[in-house]
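>>> Just a sequence and a predicted model for now, questions to come.
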Amino acid sequence: MELEQIKGIGPKTLNILGRLGINNTYDLLTYYPFRYNFIKRSDINTLGQNEQIIIDGTVETNAVVLYLKNHKDKMTFKLNTNNMLLNVVIFNRGFLKNKIIIGTKMTVIGKYDKKNNVVVCSELKFSLLGNMIKIEPIYHVTTGINSLQINHLINLVDVNIVDYVPRYLSLKYGFKDKDVCIREIHNPHNYEMLKQAVNRLKYEELFVFMTKINYLKTKKIQEGLTRKVEREKIEQFIDKLPFRLTTDQLKCVEEIYDDLTSNRRMNRLLQGDVGSGKTIVAFIALYINYLAGYQGALMAPTEILAKQHYRNISNLFPNVRVGLLTGKLKVKEKKEIYNGLEDGSINIVIGTHALISEGVKYKNLGLVITDEQHRFGVNQRSNLKNKAVMPDVLYMSATPIPRTYAITLFGDMDISSIKTKPVGRKEVITYLKKEQDITAVLSMMLEQLKKGHQIYVIAPLIEESDKIELENVTKLRDKMNLAFGRYFTVGMMHGKLSNQEKEEVMMKFKNNEINILISTTVIEVGVDVPNATMMVVFDSYRFGLSALHQLRGRVGRNDLQSYFIMISNTEAERLNILTKTSDGFSISEADFKLRGSGDMFGTRQSGDMQFKLANLRKDYDLVVKAKDDSLQFLKNYGIEYKYIYDDIVKDLNCLD
């Protein structure tokens, strides 16, 4: 059935529907209401002054119209509600005068002026609502058409609708037929039936989407590099480490080893809280790759962290040539690294985003590792991956961003998790305080300082801002000097310092020559001072959950009890998430529900994909259910339900 075949749709209406994105009958049927009006008869005896009223009655007097200026009018009549007589006033409805005559049954909707017994009417319905609830669909409209007209056109459509939910799943969940649910969503009988219809249609959207994603996962398994590395060599290396790997670390090494020695390309996320030991696992991955004769690259978000990795991996593999590439190197030094990468003499390179600069060429790059991947944009990560023909890819993060979290659940990325903490580590106690609690916070700081411990104080800005009143490092340094300067040393570090100045400040802090370090998020990663047992973050509402979680990881790096204090007068609900959990994946899940998943097939990192009904944040449980069902469907029922399977996968090219 074509739109032109529907009674009442001519060229003009066809053009109007086109503006709404309705180009065929299926578009019309699935042009769902964006909200509903729930209309229920009011009890006039309980209404207050100027409250909304919805009431049935019989017209007691014929309507009288008073014509006003500017082509406006005012119509009045009396309505008998059986209990009382109401005066009804409605503006600019004079054209209805001939329909409002004595004896007419109607429902009046408006505001009730109780003092004067007048209903200022906004809407008239020429039928009795009674005591039942009427649910009216409200659609997005445009000039030339209203919700009532759209609903009328939908009800004229007669077409068979393809149901993409397999019969066995409909029986499993007690779903009604798709066509019944579509009729219900446009003409609800009651709230419960509407809820069931919406839930079933959401599930279908998600089931189709998950089936495409999971099909893509199998379809896009790519052949990777072939490596032959004896497992015994890796075990011998692990046994010689000066510390024992945790069970989770060993499991992650095993998963990565299996990936690297398989014939498929690795695309894996290694996640674990700060200090859980992700870095050593990544180093072992680089070692496996090196033993197979390939180059490895590890990209860190800051120069401080890149240098720390470089020192550690150089000490760990004294016989391996390791290069350090950052934007701050001199031209001659960069050229040496470029040459070493191109001729293959450098086996492993550690660096910042300089690794993806135009002049960098690799001889045989086999493994790409991105550390703290949430700090890089999608394009940056892809640029490093594209430096080789088919490298294996490992992402590392203490708190995956929502986009990455969504892909690990629903996309083509495998995941390895380190959940166990090193022996002796205690949970960091986290508080959320308001600005008026600063005296109590200062007392907590003094208690730690008296014990000989050190403190980070974090501000989001470097300099004073006239537009936004935020604490900044300079102001905070002055305040901390005022509070503690007589007995303790206060230092300051931020992004505008030179690299040498940063290193000097950090060295003094590590040596406990600085007791309180005022800093921006430059210390978010790459700083390890075990004696620092407290961090205070001002204006914490300005930070994302990932950044705050990373900052918290700078304390609690020994067996001392540590504390993380956020100061903010706003966004308590969001920030309280951090007071309830220290698990990076739980934080990512909460962040995902708040922000959405981002565009899995593009570069957007927040917001949702375009479903007609489903919402990846609000319908999270339904998403997981559809994911599991789609996997089972592809595994066991793809051929049996071939008509569904073919329709679902026929347009996969648009997702590639």
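Structure received. Numbers count the residues shown, from 1 in each chain.
>>> Select the longest helix from the protein.
helix 191-219 (DSSP state H).
>>> and the next element down the chain from that helix?
helix 231-239 (DSSP states H and E).
>>> wait, what's in contact with S122?
Contacts for S122 (C-beta atoms under 8 Å, 6 or more residues apart in numbering) come out as 90, 109-111. C-betas here are computed from N, CA, C, even on glycine.
>>> quick one: buried residues of the longest helix of the chain?
Residues of helix 191-219 classed as buried by neighbour count (16 or more other C-beta atoms under 10 Å): 193-194, 196-217.
>>> From the contacts of S122, which land in strands?
Of the contacts of S122, the ones assigned to strands by DSSP state E are 90, 109-111.
>>> With distance to N160 added, can I get the residues you listed in CSV?
Converted to CSV, the ones in strands among the contacts of S122 look like this (distance: C-beta to C-beta, whole Å):
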residue, distance to N160
I90, 44
I109, 38
G110, 43
K111, 46
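>>> Highest neighbour count among those residues?
Compared across the ones in strands among the contacts of S122, I90 has the highest neighbour count, 23 neighbours, by other C-beta atoms under 10 Å.
>>> That residue against C121, yeah?
Yes. Assessed by C-beta atoms under 8 Å, I90 is found in contact with C121 at 3.9 Å.
>>> got the contact list for the closest residue in space to Y67 that isn't next to it in sequence?
Leaving aside its sequence neighbours, Y67 sits nearest to D73 (C-beta to C-beta, 6 or more residues apart in numbering; 5.1 Å). Applying C-beta under 8 Å, 6+ apart to D73 gives the contacts 65-67, 91-94.
>>> got it, and E447?
Applying C-beta under 8 Å, 6+ apart to E447 gives no contacts.
>>> and it, helix, strand or coil?
helix (DSSP: H, G, I helix; E, B strand; the rest coil).
>>> Next one: it from Y456, what distance?
Counting by C-beta to C-beta, to the nearest Å, the gap from E447 to Y456 is 16 Å.
>>> ditto for S42
From S42 over to Y456 (counting by C-beta to C-beta), the distance is 59 Å.
>>> more neighbours, those two?
Set S42 next to Y456 and count neighbours by other C-beta under 10 Å: Y456 wins out with 23 against 19.
>>> element containing the more buried one, please.
Going by DSSP H and E, Y456 is part of strand 454-458.
>>> list the helices and strands that strand packs on?
For strand 454-458, the packing partners by 3 or more C-beta pairs under 8 Å, 6 or more residues apart in numbering; DSSP states H and E come out as helix 438-450, strand 516-519, strand 532-537.
>>> just these: most buried one?
strand 516-519 (a mean of 28; mean count of other C-beta atoms under 10 Å).
>>> Contact partners for A398?
271-274, 276, 278, 372, 549-550, 553, 584.
>>> swap the cut-off to 6 Å and go again
273-274, 584 (C-beta atoms under 6 Å, 6 or more residues apart in numbering).
>>> what's the spacing between it and R554?
Going from A398 to R554 by C-beta to C-beta gives 11 Å.
>>> can you check V274 too?
V274 is 7 Å from R554, by C-beta to C-beta.
>>> again with R35
For R35, the distance to R554 - C-beta to C-beta - is 46 Å.
>>> Neighbour count: these two, which is higher?
The residue with more neighbours, out of R35 and R554, is R554; 25 against 10, by other C-beta under 10 Å.
>>> any idea how far the more buried one lies from L631?
Distance from R554 to L631, by C-beta to C-beta: 39 Å.
>>> next one: N80
Where L631 is concerned, N80 sits at a distance of 63 Å (C-beta to C-beta).
>>> what's the answer for G556, then?
In terms of C-beta to C-beta, G556 sits 38 Å off from L631.
>>> cool, N558 as well?
Taking C-beta to C-beta, one finds N558 at 43 Å from L631.
>>> Now the element after the helix-or-strand element of the chain with minimal mean pLDDT, going C-ward?
Using mean pLDDT, DSSP states H and E, helix 378-385 stands out as the lowest-scoring helix or strand of the chain, at a mean of 47. On the C-terminal side of helix 378-385, the closest following helix or strand by DSSP H and E is strand 392-397.
>>> So for that next one, mean pLDDT?
Average pLDDT, strand 392-397: 87.
>>> Only the C-alpha atoms, please, for that strand, written as CSV.
Coordinates of the C-alpha atoms in strand 392-397 are reproduced here as CSV (Å, rounded to 0.1, in the frame of the first residue of the first chain):
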residue,chain,number,x,y,z
ASP,A,392,47.1,-6.2,16.8
VAL,A,393,45.5,-3.6,19.0
LEU,A,394,45.3,-3.4,22.8
TYR,A,395,43.6,-0.5,24.6
MET,A,396,44.2,0.2,28.3
SER,A,397,42.0,2.1,30.7
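>>> And it, what's buried?
Buried residues in strand 392-397 (16+ other C-beta under 10 Å): 392-397.
>>> want to throw those into JSON lines with distance to I518?
Output for the buried residues of strand 392-397, formatted as JSON lines (distance: C-beta to C-beta, whole Å):
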{"residue": "D392", "distance to I518": "41"}
{"residue": "V393", "distance to I518": "38"}
{"residue": "L394", "distance to I518": "35"}
{"residue": "Y395", "distance to I518": "32"}
{"residue": "M396", "distance to I518": "29"}
{"residue": "S397", "distance to I518": "27"}
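>>> Which helix or which strand is home to L129?
Going by DSSP H and E, L129 is not in any helix or strand.
>>> I'd say it and S42 touch.
No. With contact defined as C-beta atoms under 6 Å, L129 does not count as touching S42 (10.0 Å).
>>> contacting residues for F564?
Counting by C-beta under 6 Å, 6+ apart, F564 has contacts 428, 430, 535, 552.
>>> Okay, and it sits in which element?
strand 563-567.
>>> Partner strands of that strand and their direction?
strand 429-433 (parallel), strand 532-537 (parallel) (DSSP bridges).
>>> Nearest to E235, out of those?
Minimum separation from E235 across the strands paired with strand 563-567 (C-beta to C-beta) falls at strand 532-537, 35.4 Å.
>>> where's the closest one relative to the chain centroid, distance-wise?
How far strand 532-537 lies from its chain's middle: 27 Å, per C-alpha atoms, centre = their mean, to the nearest Å.
>>> List the contacts of it.
448, 453-458, 555, 560, 562-566.
>>> how about a cut-off of 7 Å?
With C-beta atoms under 7 Å, 6 or more residues apart in numbering as the test, strand 532-537 has contacts from 441, 445, 448, 453-458, 543, 548, 551-552, 554-555, 560, 562-567.
>>> Show me what the following helix or strand past it is packed up against.
Note on strand 532-537: by DSSP H and E, the next helix or strand toward the C-terminus is helix 545-552. In terms of contacts (3 or more C-beta pairs under 7 Å, 6 or more residues apart in numbering; DSSP states H and E), helix 545-552 is packed against strand 532-537, helix 572-580, helix 584-595.
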